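> need a 3D model of the following:
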Amino acid sequence: MQIRKILLIEDDPDVVLTLTDYLTAEGYQLDSASGQKMALDKLQDEHFDLVLLDISLSDGNGFAVCSAIKQQGNIPVIFLTAMDDEYSVVTGLDMGGDDYISKPFRPRELLSRINSVLRRTGNQQKILCCGDIKVDMEKALVLKDGQEVCLSALEYRLLLVFLQNQGIVLSRRRLLELIWDVTGEFINDNTLTVYIKRLRDKIETNPQKPEILRTVRGLGYKAGD
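Numbering: from 1, shown residues only. Just a heads-up that it's a prediction; the model follows:
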């Protein structure tokens, strides 16, 4: 069985030691970096299956590191930080973070979140298509009729959820679970409505008569026929 490799970007040596011991015992290979430059150098030279990322680092900050990671590819990122205010959580997710865990945390909860993110991202096709929409997941590139479509991190995540579940009716509640995979008061039904409208405006030829993201009255939404 393949051993998954995790990069922990954290400047607290006690946290590094604790997580190294715990996650190694759970079958993961862990490497660490204390600051932004060291982390980006490691990410350029080595392959990692997932990144655990603190916001406050010895140099730079976690938001900048997450942005750089998502520009280079689609490595999943879990923020692991004491900054649990709403602004920090929303900023981290908007930048493409796959999950957000506040310190202090319970190791078993962290392990569960890691496993969940890896299940969600680890067996994805590299190219997804629906109608005239094509998504290159390695490059995080969305094309409509061959022309690039610029999506926000959350719009992109929502599109992936639909394309990875083509033909399946997804309720609004299930969509929120798949998009966020975290709990927080800022997550609500209105948020989903706004992002579905924004996404349709960008990918549908006629957003008033959507052919890619269809509404199934009384049940939810589905991609494709």
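> which residues of this structure fall in strands?
Counting by DSSP state E, one finds strands in the chain at the ranges 5-9, 29-33, 50-53, 77-81, 99-102, 127-130, 133-136, 141-144, 147-148, 213-216, 220-223.
> rank these by mean pLDDT and give me the bottom one.
Of all the strands of the chain, the minimum mean pLDDT falls on strand 127-130 (a mean of 83).
> show me where the chain has its helices.
13-25, 36-45, 62-72, 86-94, 107-122, 153-163, 172-180, 189-203 (DSSP state H).
> thinking again about what came up before, okay, the strands of the chain in JSON lines with distance to Arg173 next?
Every C-beta, even on glycine, is put in place using the N, C-alpha and C of the backbone. As requested, these are arranged in JSON lines below (distance: least, C-beta to C-beta, whole Å):
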{"stretch": "strand 5-9", "distance to Arg173": "30"}
{"stretch": "strand 29-33", "distance to Arg173": "35"}
{"stretch": "strand 50-53", "distance to Arg173": "26"}
{"stretch": "strand 77-81", "distance to Arg173": "23"}
{"stretch": "strand 99-102", "distance to Arg173": "19"}
{"stretch": "strand 127-130", "distance to Arg173": "23"}
{"stretch": "strand 133-136", "distance to Arg173": "24"}
{"stretch": "strand 141-144", "distance to Arg173": "26"}
{"stretch": "strand 147-148", "distance to Arg173": "32"}
{"stretch": "strand 213-216", "distance to Arg173": "14"}
{"stretch": "strand 220-223", "distance to Arg173": "8"}
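> could you dump the ones you listed to TSV with distance to Leu17 and mean neighbour count?
Conversion of the strands of the chain to TSV gives the following (distance: least, C-beta to C-beta, whole Å; neighbours: other C-beta atoms under 10 Å):
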stretch	distance to Leu17	mean neighbour count
strand 5-9	10	22
strand 29-33	9	18
strand 50-53	14	24
strand 77-81	15	25
strand 99-102	18	20
strand 127-130	40	16
strand 133-136	39	18
strand 141-144	39	17
strand 147-148	44	8
strand 213-216	46	15
strand 220-223	45	20
